[in-house]
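Q: My questions are about this predicted structure, shown below with the sequence.
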Amino acid sequence: MEKNISELVNKGSQFLIEGDFEKALSYFDQAIIIKPNDPDLLNKKGVALRGLGRYDEALECFNKSLQLDPRDLDSS
């Protein structure tokens, strides 16, 4: 299962770099289904949502990420 998450995150991250936020979001959503309380995944989803201009949803992801790990320095 951990391998599946890594593959999903890697693909999502690549799409994030390429600026394809819809595809990135799709992969991050799939990973979050497997690991719903992972602050890093929530942060990545927030970045994708922010890229799509969905700021309220992005903020929710960033806030949840920080609630799960207040010392998460990667939270945007």
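A: On my side now, so go ahead.

Q: What helix or strand is Lys11 located in?
A: Lys11 is part of helix 2-18, with elements assigned from DSSP states H and E.

Q: now the helix or strand just after that helix, how far from the chain's geometric center?
A: Next along the chain after helix 2-18, taking DSSP H and E as the criterion, comes helix 21-34. Using CA atoms, centre = their mean, to the nearest Å, the mean C-alpha position of helix 21-34 is found 7 Å from that of the whole chain.

Q: Ok, stretch 19-39 next?
A: Going by CA atoms, centre = their mean, where stretch 19-39 is centred and where its chain is centred differ by 5 Å.

Q: which parts of that stretch are buried?
A: By 16 or more other CB atoms under 10 Å, the buried positions in stretch 19-39 come out as 21, 23-25, 27-28, 30-32, 35, 38-39. Where C-beta positions appear, they are placed from N, C-alpha and C, glycine not excepted.

Q: Can I get that stretch as CSV, trimmed to CA atoms?
A: Output in CSV follows, covering the C-alpha atoms of stretch 19-39 (Å, rounded to 0.1, in the frame of the first residue of the first chain):
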residue,chain,number,x,y,z
GLY,A,19,1.2,23.3,-13.8
ASP,A,20,-1.5,20.7,-14.5
PHE,A,21,-3.3,21.3,-11.2
GLU,A,22,-6.4,19.3,-12.1
LYS,A,23,-4.4,16.1,-12.7
ALA,A,24,-2.2,16.8,-9.6
LEU,A,25,-5.4,17.2,-7.5
SER,A,26,-6.7,13.9,-8.8
TYR,A,27,-3.6,12.0,-7.7
PHE,A,28,-3.5,13.7,-4.4
ASP,A,29,-7.2,12.9,-3.8
GLN,A,30,-6.5,9.2,-4.5
ALA,A,31,-3.6,9.2,-2.0
ILE,A,32,-5.7,10.9,0.6
ILE,A,33,-8.4,8.2,0.3
ILE,A,34,-5.7,5.7,1.4
LYS,A,35,-4.1,8.0,4.0
PRO,A,36,-6.6,10.7,5.0
ASN,A,37,-4.7,12.2,7.9
ASP,A,38,-1.3,12.7,6.3
PRO,A,39,-0.4,16.4,6.7
